[in-house]
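[1] Can you look at this prediction? I've put the sequence above it.
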Amino acid sequence: MRTVREVKALRGVVASWKAVGQTVAVVPTMGALHPGHLSLIAAARAGADRVIATIFVNPRQFNKPEDLARYPRTEDRDAGMLATAGVDLLFAPPAEAVYPEGFATSVSVAGLSEGLCGAHRPGHFDGVATVVTKLFLMTGADRAFFGEKDWQQLQIVRRLARDLNIPVAVTGCPTLREADGLAMSSRNTRLSPADRAAAPALFRAMSAAVAAIRRGTPPDEALARARLEVLRAGFSEVEYLELRGAEGLEPLDAPDRPARILAAAWLGGVRLIDNIAIDS
Ligand code: AMP
């Protein structure tokens, strides 16, 4: 596996692949890799001739400087994992290569970016949309793989590719979980042992709400109970735990179309997110 840090070198490698008719997939990440990331790499390998992984802790998507400063950075270990997983090229640019002096453009996906995480993390999804657009254009990838773990992000990425006519096919991959149900996340390493033990309560409460709604419990009632269970388990705050349309993310009173429960909650100073389908 080759590592490149400059856009020019990246474009050169991709051009050499495309010249011989090979298809190219990209898997954007912020590093601190875990099996969830590797499942995206496996899907990318199955779906294209060549796979690019990117590692870039994007300053523009962090609305709190301390969150950016604390984000785990483990590039050497990550590079080893990516090479073993069969990645052809790692693109790990410094911030200046992505945002050179005078950078002034922002991509903003109206509507989809506004509620849920967008309401609690001002500017976050503009940062995500801007960097993902740049990664699509810099790599020229034919396919891109994103996790359903970040469901709102996945819908935003699909929309920006469509709206901006970027010729990349976006595939969503299922959320990988620990044995106790906790969604794998780079942030889980920041949980204390006691908080790590409490963390699966989020997925448990969401799953119970899905089961209750399927049995006919009014969603409002099922969601209120789930919020209470999460707080009882030791979480300090539930930012949101809501029923939304799966694609448009519109608030729903009843699951009368493909729908998901999405949640964000704080545990011991760590913000955890999760989402599950109501109809699968
Ligand atoms: P991140 O490094 O957190 O920006 O995540 C990079 C990609 O990995 C995103 O598309 C995430 O949705 C995806 N991802 C993160 N956690 C998981 C997981 N537990 N299962 C599947 N995909 C994941």
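    Good, I have the coordinates.
[2] What segments of the stretch 1-150 of the chain are strands?
    For the stretch 1-150 of the chain, the strands defined by DSSP state E, counting those that start in this stretch occupy 2-4, 24-29, 50-55, 89-91, 143-147.
[3] is it possible to export those strands to TSV including distance to Asp256 and mean pLDDT?
    All C-beta atoms are positioned from the backbone trio N, CA, C, and that covers glycine. Formatted as TSV, those follow (distance: least, Cβ to Cβ, whole Å; pLDDT from 0 to 100):
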stretch	distance to Asp256	mean pLDDT
strand 2-4	48	98
strand 24-29	34	99
strand 50-55	38	99
strand 89-91	43	98
strand 143-147	27	99
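[4] How about the lowest-mean-pLDDT helix or strand in the chain and the ligand, touching?
    When each helix and strand of the chain is scored by mean pLDDT, DSSP states H and E, helix 65-70 comes last, with a mean of 92. No. Applying Cβ under 6 Å from any ligand atom, one finds helix 65-70 separated from the ligand by no less than 12.4 Å.
[5] what sits up against that helix?
    For helix 65-70, contacts defined as Cβ atoms under 8 Å, 6 or more residues apart in numbering pick out Val57, Pro59, Phe62, Arg190.
[6] ok, and the closest non-adjacent residue to the residue in the stretch 51-200 of the chain that the ligand sits nearest to?
    Residue nearest to the ligand within the stretch 51-200 of the chain (Cβ to the nearest ligand atom): Gly147, separated by 2.4 Å. Distances taken as Cβ to Cβ, 6 or more residues apart in numbering place Cys173 nearest to Gly147, at 5.6 Å, with adjacent residues excluded.
[7] My read is that that neighbour contacts Ala144, right?
    No. Using Cβ atoms under 8 Å, Cys173 is not in contact with Ala144; the gap is 10.8 Å.
[8] Quick check: which ranges of the chain have low pLDDT?
    Scanning the chain for pLDDT under 70 picks out 280.
[9] Break it down into its structural domains.
    Structural domains assigned to the chain are 2-173, 186-278, following automatic domain parsing.
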